[in-house]
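Q: next input, structure requested:
(chains A and B)
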Amino acid sequence: MSTSTISLDQLIAWLSRFRDLVNENQSYLTELDSAIGDADHGSNMVRGMKAVGEKVGAVPATAVDELLKSVGMTLVTSVGGASGPLYGTLFLRMGVSAGPVTELDGVALGAALRAGLDGVVARGKAEAGDKTMFDAIDPALDAWDTAVAGGKDIAAAASAAFSAAENGRDATEPLVARKGRASYLGERSAGHIDPGATSSTLLFQALAEAVTS
Amino acid sequence: MMGIVVVSHSPALARAAVDLALEMVGETRPSIAIAAGAGEGVIGTDAVKVAEAIDEVANGDGVLVFMDLGSAVLSGTMATEFMTTRDEVRLTDAPFVEGLIAAVVLANAGASLDEVDREARAAMAAKQSQLAGHGQAPTTDLDADRTESSAVGTTTSPNVESAPPAEVSAEAPLINPDGLHTRPAAAIVQALATMDAQVTITDITSGTGPVAAHSLIGIMSLGATKDHVVKFSATGSAAQSAIETLVAMTADGFGELAN
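A: Numbers count the residues shown, from 1 in each chain, chains lettered A, B, ... in the order given. Purely as a prediction, here's the structure:
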């Protein structure tokens, strides 16, 4: 089995694992969000990924862009909170970048994720250190690119990205939030891990597990 | 007529805000659509619903979109990528309630997207001027940082050029209980909308004004209360009838005298 590409089925397995991880971590995400937000990140993500699971199961995608765009639109219409447009944009832009193919190599998946993150930045105007999902995803993609450029296979790149996302997530704890609801709290937002960075880390955990299983 | 879209996390909040704004106009009402909630009783917003609402009210004269906060703003910006209309669509940072009321009144009077948006964004000014002198929370560095980009334009009430010839004017006392509050102000804006007259209002009693009578917020910023004497001044071909109309409306207490 080749590990230099990721297939449509593995992408679906990734989404399915992400849904499961979001479910398992619902109360933790909610707990993080009650500290500095409006306590809905867990339930919003669970609702969104449940809808994604149903959509993907009901309408089997035949190409990567079709799958990712469908995931993006489903999140936009089902999440409700800010993570709807943000995660929705991530997947929609990934789909556009990936194109009508049935598998992606490491470079193409990295480029798709980067296009997704660029879309999130355009939408939410977040920068490094604002205490947002960006702070987990951006280092994860840097780690991914480094691994792929160094000749690592998809599984190793995903593992490196997950590890970098965890570090980025943990580094949000002392930060003062500058975007989203948490920014209303100013200095009081410091001392809490960002819920968005936490759910984004689950996305990379899911990817790492989907490509090694 | 331009269209208005109201985006809120809460369908109840959006409906109530729209109902309140529609109190200011008569049976004819502007084209207005709500995109609120994320379905099945979920508090939230949905960019696809927002895009549908924009398409629903777009009819060639532009669409102004009001949003409450947070994801409503994100969904509003995202909706502009999903909508199908070619109309100009403007996302306004106007205050949700005050701005919406100003916009409904002006849109109903046939004002353009630019005029309506300008008036809506200035809608905080009337409240700020009414509350001036009631103290404010001390600012911090953080506040300064945060408000930098949302500084409120101070005013719409353009100071009027000094009286050109053929000005018609009249003074009248306000006899209705609440003076020139929102509803009478809206009635004035609407009554003048179709007249060729440039009208200003001055509160003689308090020495405030003049303000432009086509500006809902300008009129409200006078803070003209019961028993104040106001002066209406007009130029233009319909100046005489504009003044007569305003004097009559004032004498009638703007329809607010006892039932």
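Q: does residue B:98 touch residue B:128 like I think?
A: No: using CB atoms under 8 Å, residue B:98 is not in contact with residue B:128; the gap is 10.3 Å. In short, each C-beta sits where N, CA and C put it, glycine included.
Q: find the nearest non-adjacent residue to residue B:236, please.
A: residue B:197 (4.1 Å; CB to CB, 6 or more residues apart in numbering or on different chains).
Q: please list all residues in contact with the residue in the stretch 1-150 of chain B positioned nearest to chain A.
A: Using CB to the nearest CB, the closest approach of the stretch 1-150 of chain B to chain A is made by residue B:44 at 2.2 Å. Taking CB atoms under 8 Å, 6 or more residues apart in numbering or on different chains, we find residue B:44 in contact with A:40, A:44, A:79, A:80, A:81, A:84, B:9, B:37, B:38, B:71.
Q: ok, for it, nearest residue in space, not its chain neighbours?
A: Here the residue nearest residue B:44, using CB to CB, 6+ apart, is residue A:80, at 2.2 Å.
Q: separation between that neighbour and residue B:91?
A: 19 Å (CB to CB, to the nearest Å).
Q: neighbour count for these two, which is higher?
A: Counted by other CB atoms under 10 Å in any protein chain shown, residue A:80 and residue B:91 do not tie: residue A:80 has more neighbours, with 25 against 20.
Q: for residue A:118, give me its contacts.
A: Here residue A:118 is in contact with residue A:93 (criterion: CB under 8 Å, 6+ apart).
Q: do you know how far it is from chain B?
A: 14 Å (CB to the nearest CB, to the nearest Å).
Q: chain center to the helix or strand encompassing that residue, what's the gap?
A: Element membership for residue A:118 (DSSP states H and E) is helix A:106-124. On the basis of CA atoms, centre = their mean, to the nearest Å, helix A:106-124 sits 10 Å off its chain's mean C-alpha point.
Q: what mean pLDDT does it get?
A: Averaged across helix A:106-124, pLDDT comes to 96.
Q: do the same with stretch A:25-39
A: pLDDT averaged over stretch A:25-39 gives 93.
Q: now do stretch B:62-73
A: On average, stretch B:62-73 scores 94.
Q: buried residues in it?
A: B:62, B:63, B:64, B:65, B:66, B:67, B:68, B:70, B:71, B:72, B:73 (16 or more other CB atoms under 10 Å in any protein chain shown).
Q: from those, which land in helices?
A: B:71, B:72, B:73 (DSSP state H).
Q: of the residues you listed, list those near chain A.
A: residue B:71 (CB under 8 Å from any CB of the partner chain).
Q: which one of the ones in helices among the buried residues of stretch B:62-73 is nearest to residue A:111?
A: residue B:71 (27.7 Å; CB to CB).
Q: could you report the neighbour count for the closest residue to the closest one other than its chain neighbours?
A: In this structure, residue B:71 finds its nearest non-sequential neighbour in residue A:82, 4.0 Å apart by CB to CB, 6+ apart. When counting by other CB under 10 Å, one arrives at 30 neighbours for residue A:82.
Q: contacting residues around residue A:82?
A: A:124, A:180, A:181, B:70, B:71, B:74.
Q: list the contacts of the closest residue to chain B within chain A.
A: Nearest residue of chain A to chain B: residue A:80, at 2.2 Å (CB to the nearest CB). For residue A:80, the contacting residues are A:40, A:44, A:47, B:9, B:37-39, B:42-46, B:71, by CB under 8 Å, 6+ apart.
Q: go again using 6 Å as the cut-off
A: Residues near residue A:80 by CB atoms under 6 Å, 6 or more residues apart in numbering or on different chains: A:44, B:38, B:42, B:44.
Q: where does the last one land on pLDDT?
A: The predicted structure scores residue B:44 at 92 on the pLDDT scale.
Q: follow-up on the earlier one: and the residue nearest to residue B:236, how far is that from residue B:241?
A: In terms of CB to CB, residue B:197 sits 8 Å off from residue B:241.
Q: ok, now residue A:90?
A: 60 Å.
Q: got phi/psi on residue B:168?
A: The phi/psi pair for residue B:168 (degrees, to the nearest 10) reads phi -110, psi 140.
Q: number of residues surrounding residue B:110?
A: Count around residue B:110 with other CB under 10 Å applied: 15.
Q: isn't there a helix covering it?
A: No: the assignment for residue B:110 is coil, going by DSSP: H, G, I helix; E, B strand; the rest coil, so no helix is present there.
Q: for it, give me its contacts.
A: residue B:193.
Q: which element, helix or strand, includes the spatially most central residue of chain B?
A: What sits nearest the mean C-alpha location of chain B, by CA atoms, centre = their mean, is residue B:102, with 1.2 Å. Using DSSP H and E, the element containing residue B:102 is helix B:96-108.
Q: now residue A:23
A: helix A:8-24.
Q: how about whatever helix or strand comes next after that helix: buried residues?
A: Remark: after helix A:8-24, the chain's next helix or strand is helix A:26-36, criterion DSSP H and E. Residues A:26, A:28, A:29, A:30, A:32, A:33, A:35, A:36 are the ones in helix A:26-36 that count as buried (16+ other CB under 10 Å).
Q: report the buried residues of the helix holding residue A:23.
A: So helix A:8-24, judged by 16+ other CB under 10 Å, has buried residues A:8, A:10-19, A:21-22.
Q: do the same with stretch A:187-204
A: In stretch A:187-204, counting by 16+ other CB under 10 Å, buried: A:189, A:192-204.
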